[in-house]
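Asker: A structural model of the following input is requested.
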Amino acid sequence: MLTRRRWIAASTGSLLLSALGGARGEESSAADGTSDEVLIALPGKKPLIKRTFRPPNFETPLADLRRTFTANDAFFVRYHLAVIPEIDARTWRLRVGGPSAAQPLELSLADLQHRFERVTLPAINQCSGNRRGLFVPRVPGVQWKNGAMGHATWSGVRLRDVLRKCNLQPNALEVVLDGADGALLPQTPDFQKSLPIDRALDENTLIAFEMNGRPLPHFNGAPARLIVPGWTATYWVKHLTDIRVQAQPFDGFWMKGAYRIPTGAFPGTRFTSQETTETTPITEILVNSLVTAPSPDARLAHNRPAQLSGWAWDGGTGISAVDVSVDGGLNWRAAALDKDIGRFAWRGFRFPLDTSRPGPLAVAVRATSRGGEQQPEKLTVNPAGYHNNKILSLSLEVA
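Answerer: Next comes the predicted model:
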């Protein structure tokens, strides 16, 4: 277990990670125009951008988001609680039951791997607060920029197949999920989340034990985690240990007090059993895009071929178009889209840049989903800094 003693705090401005069970303790500056960011390697990870130390919150650098599938050792790390378990997969057990499940189960990893149909799908795992650090005015919380997200293939079993083995009762309303991570202080609320029963029974909601064809990394939820494609990562519970089906709305802190947005402020599926007139739980990822090349503030060689490229995604309808402006949004042209590899996957786009004349390029990118949603021009300000999906802009220079 990753306990308090195993975290070595900052000392005279230096972050020492040599006690982190094999961490290389590397400090360096991020590339791609983020030289003010500190990169540190956790065990099993390459150097990532440190946002907080305890609990560990580390962001994927832009250079590592250029691949179709984000490498396991570069995938972002997000925790709310500071005690991260090191679990022996051979002895790990998943308990499934609750008041609305007539036949409780206890499953081993081998049970999941061999007793149920195996499913693999590509999906984006995106923190609800991705790009919170780009909000103006500033809002509290982890100051993520663009890298609190990643794209991977996830392999496991359907949650609904497991739940149906429990003989679900007709009154089932929500499915409550708990993981093995814990808090340093007893008064800190355990991180538990719930799903509405229809989303829990969706064919794409998985209990995953593999990521990009490999066992889940320690810092990404080993030995098994929940995958809720199209919904933000707050529901993707790591180190899963307990699944409980119940007939009442779950009243835990991380549902009632956190991860909530103003009711009616954003599009997306409603979580009606948890909704109030003032706030509602965040659910679906909104349509968005990211330029991965060139890097922000890059200098492009005069009269040399140059191309803008990146990714666009949404909560599951798919991307229908990406438009690019090189004059600050006055005029727009369509970018070429790469092959669609799945409704929950991101989709690549490419756009040639004119370098025939020296000077600045005020680039803007907007994505449109098949559901008709388009990236907005302005942020919808909310207290927690969620859903930053406004039209992306960056400055380039031809010289």
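Asker: Output the lowest mean pLDDT helix or strand found in this protein.
Answerer: Using mean pLDDT, DSSP states H and E, the weakest-scoring helix or strand in the chain turns out to be strand 28-29, at a mean of 44.
Asker: Sheet-wise, list the partners of the helix or strand following it with their directions.
Answerer: Per DSSP states H and E, the first helix or strand lying C-terminal to strand 28-29 is strand 38-40. Sheet pairing of strand 38-40 (DSSP bridges) gives strand 28-29 (antiparallel), strand 48-52 (antiparallel).
Asker: want to try CSV for these, with distance to L226 as columns?
Answerer: Bear in mind the C-beta positions are built from the backbone N, C-alpha and C, glycine included. As requested, the strands paired with strand 38-40 are exported to CSV (distance: least, Cβ to Cβ, whole Å):
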stretch, distance to L226
strand 28-29, 33
strand 48-52, 22
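Asker: Comparing those strands, which yields the minimum mean pLDDT?
Answerer: Mean pLDDT across the strands paired with strand 38-40 is lowest at strand 28-29; the value there is a mean of 44.
Asker: any idea where the helices of the stretch 101-250 of the chain begin and end?
Answerer: 109-115, 159-164, 197-200 (DSSP state H, counting those that start in this stretch).
Asker: Those into TSV, with extra columns for mean pLDDT, distance to T91 and mean neighbour count?
Answerer: What follows is these, written out as TSV (pLDDT from 0 to 100; distance: least, Cβ to Cβ, whole Å; neighbours: other Cβ atoms under 10 Å):
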stretch	mean pLDDT	distance to T91	mean neighbour count
helix 109-115	98	9	15
helix 159-164	98	19	20
helix 197-200	98	26	19
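Asker: Isn't P189 up against K256?
Answerer: No - using Cβ atoms under 8 Å, P189 is not in contact with K256; the gap is 10.0 Å.
Asker: Buried deepest among the strands paired with strand 38-40, which one?
Answerer: Most buried of the strands paired with strand 38-40 by mean neighbour count (mean count of other Cβ atoms under 10 Å) is strand 48-52; its value is a mean of 21.
Asker: what does the average pLDDT come to for the helix or strand following that strand?
Answerer: Helices and strands here follow DSSP H and E; after strand 48-52, the next one along the chain is strand 57-59. In this model, strand 57-59 carries a mean pLDDT of 98.
Asker: Any buried residues in strand 57-59, and which?
Answerer: By 16 or more other Cβ atoms under 10 Å, the buried positions in strand 57-59 come out as 57-59.
Asker: how about CSV for the helices of the stretch 101-250 of the chain, with distance to F344 added?
Answerer: As requested, these are exported to CSV (distance: least, Cβ to Cβ, whole Å):
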stretch, distance to F344
helix 109-115, 21
helix 159-164, 15
helix 197-200, 13
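Asker: if we compare those, which one ends up closest to A41?
Answerer: helix 109-115 (27.2 Å; Cβ to Cβ).
Asker: what's in contact with the closest one?
Answerer: For helix 109-115, contacts defined as Cβ atoms under 8 Å, 6 or more residues apart in numbering pick out 89-90, 92, 94, 107, 156-157, 162, 207, 209, 223-224.
Asker: Just flag the most distant two among those residues.
Answerer: So, those by Cβ to Cβ: farthest apart are R90 and V162, at 19.8 Å.
Asker: domain assignment for this protein?
Answerer: Domains of the chain are assigned by automatic domain parsing as 93-281, 288-398.
Asker: okay, the ones you listed in TSV with distance to Y79 next?
Answerer: Shown next, in TSV, are those (distance: least, Cβ to Cβ, whole Å):
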stretch	distance to Y79
domain 93-281	6
domain 288-398	17
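Asker: For T52, find the nearest of these.
Answerer: domain 93-281 (5.9 Å).
Asker: can you give me the strands for the stretch 1-150 of the chain?
Answerer: Ranges of strands within the stretch 1-150 of the chain are 28-29, 38-40, 48-52, 57-59, 77-78, 93-97, 105-108, 118-126, 149-158, based on DSSP state E, counting those that start in this stretch.
Asker: mind putting those in TSV, distance to A335 included?
Answerer: Shown next, in TSV, are the strands of the stretch 1-150 of the chain (distance: least, Cβ to Cβ, whole Å):
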stretch	distance to A335
strand 28-29	31
strand 38-40	30
strand 48-52	27
strand 57-59	26
strand 77-78	30
strand 93-97	43
strand 105-108	45
strand 118-126	19
strand 149-158	18
